[in-house]
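Visitor: Give the three-dimensional model of this entry:
(one chain, ligands or ions: 1)
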Amino acid sequence: MERTSQISGFYKLSYEERLAIIKKFANLTDEEEAILKSSGALKVEQANRMIENVIGVMPIPLGVAVNFLVNGKDYLVPMAIEEPSVVAAASNAARIARAKGGFTTSSTESIMIGQIQAVGINDPFRAKMAVLKAKEEILKKANDQDPILVSLGGGAKNLDVKVIDTIQGSMVIVELHVDCKDVMGANAVNTMAEAVTPIIERVTEGKVHLRIISNLANLRLARASAVFPKEALGGEEIVNGIIQAYAFAAADPFRCATHNKGIMNGVTAVILATGNDTRAVEAGAHAYAARSGKYSPLTIWEKNKDGDLVGSIEIPMAVGVAGGATRSHPIARINVKILDVKNAKEFEEVLAAVGLAQNLAALRALVAEGIQKGHMALHARNIAVEAGATGESADKIAEIMVKEGRIRADRAKELVEEIREKAIK
Ligand code: MEV
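Guide: Okay, here's the model as predicted:
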């Protein structure tokens, strides 16, 4: 059978049927299947080794977005998220993109920046020259800290020095450029930044304070673009509406924050599912969105000569497929396997595609039927279950409440009673 992520009606399948498809697609072992089935797969002992003061674990639903075709390769994308509609929306947008070949992506090398702050320097520009002169010595010292990364072709590749004016006077900021290859890199970069401190203090004749990675990963960018045919989106009016929605976000920071939040709904869910650092990528994304001094959308929407919608995204993507929780968390490890990416760059590019898909889905819904319709159907079902409904009766009650436009706990209780009375009679 052809290995494809294009699975129509995936959401209609039973849990068991879905899991069987994923198991086959990703070649999961029986043990991995069993881990996915047990919602308490992260043992308290494991959690206890990950963070401090552990009192339990916090399960979040794990879904799989289907239909993703990125550079001609099919992906099933694991997403961990508490918000309804996100997984369905990503799958739907990816399905629409398939008609025109799916997503095309690219990325830079996986370069992270480590910042070293030197203060108390009377002649900061002389100090800057001195750091640049000592570049080879500094890079060597940095690379001595991580022979494994260096052996894999990564490591400290370059450095930059800037003199900044602050409310505390001039400071000399040294920036190490470290190719982190398949890891996110915070540990590697922070270790290197700390190790070069004596050299920086010696040559600047200043005092080094902070030594820390920057989450504004503007040298580690992932890009994706896709064409969404106008017919599949609902016609020309919807295409124009999406472009106007983008213009709204580009002109107004209040809308732009929500526009970018929609992108991160998808990106963050995949990052969480793979045990990566959600906060690092969120911080980088929003800082990058504001790099011109004006907070702007991370995506761009335009029309091609056929009137189809064309979307593109460029986003910093500091993630790894090795190291940290991506390996130590049992479910994160399985999710990386399901993704089937051969390195961090490939993963970063899939994430950019997910961000673009998520944005398209949100904008399309907002421009067409509004966002509440899909949300409300699920919400109504949850309210019905809370009111005591089960199985088919929960679906029936949800349907009635949506139709009536009265999705409320009191109405759900009334309907549960009505159904019960009917059953007794
Ligand atoms: C909701 O989680 C995300 C949206 O608000 C994004 C957007 O408005 O573009 C629907």
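Visitor: my guess is Arg95 meets Gln6, correct?
Guide: Yes: using Cβ atoms under 8 Å, Arg95 and Gln6 qualify as a contacting pair, with a distance of 7.2 Å. To be clear about C-beta, it is placed using only N, CA and C from the backbone, and glycine gets the same treatment.
Visitor: and these two? which has more neighbours close in?
Guide: In this view Arg95 and Gln6 are compared by other Cβ atoms under 10 Å, and Arg95 has more residues nearby, 20 against 16.
Visitor: Assumed the more buried one was part of a helix.
Guide: Yes: assignment of Arg95 by DSSP: H, G, I helix; E, B strand; the rest coil places it within a helix.
Visitor: Give me the neighbour count for the residue in the stretch 301-425 of the chain positioned nearest to the ligand.
Guide: Among residues of the stretch 301-425 of the chain, the one nearest the ligand by Cβ to the nearest ligand atom turns out to be Ala362. It sits 3.7 Å away. When neighbours are defined as other Cβ under 10 Å, Ala362 has 25 of them.
Visitor: Need phi/psi at the closest residue to the ligand within the stretch 201-350 of the chain.
Guide: Proximity of the stretch 201-350 of the chain to the ligand (Cβ to the nearest ligand atom) peaks at Gly262, 2.7 Å away. With angles defined as degrees, to the nearest 10, Gly262 sits at phi -60, psi -40.
Visitor: Nearest spatial neighbour of it, chain-adjacent residues omitted?
Guide: Beyond its immediate neighbours in the sequence, the residue positioned closest to Gly262 (Cβ to Cβ, 6 or more residues apart in numbering) is Ala362, lying 3.9 Å away.
Visitor: Ok, Gln244 next?
Guide: Closest residue in space to Gln244, ignoring its immediate chain neighbours: Val367 at 8.0 Å, by Cβ to Cβ, 6+ apart.
Visitor: Could you report the separation of that neighbour from Lys230?
Guide: Computed with Cβ to Cβ, to the nearest Å, the distance linking Val367 and Lys230 is 13 Å.
Visitor: cool, Ile200 as well?
Guide: Relative to Lys230, Ile200 is positioned 56 Å away (Cβ to Cβ).
Visitor: same question, Gln244
Guide: Between Gln244 and Lys230 the distance, using Cβ to Cβ, works out to 15 Å.
Visitor: These two: which is more packed in?
Guide: Counting neighbours by other Cβ under 10 Å for Gln244 and for Lys230 shows that Lys230 has the greater number, 19 against 13.
Visitor: Could you list which residues are in contact with the more buried one?
Guide: Contact partners of Lys230, counting by Cβ atoms under 8 Å, 6 or more residues apart in numbering, are Glu236, Ile238, Val239, Asp306, Gly307, Asp308, Leu309.
Visitor: try Val131
Guide: With contact taken as Cβ under 8 Å, 6+ apart, Val131 is in contact with Ile138, Leu159, Val161, Val172, Val174, Ile200, Val203, Thr204.
Visitor: count of residues packed around Gly206?
Guide: Neighbour count for Gly206, taken as other Cβ under 10 Å: 20.
Visitor: Hmm, I typed the wrong one, I wanted Val350.
Guide: A count of neighbours around Val350, defined by other Cβ under 10 Å, yields 26.
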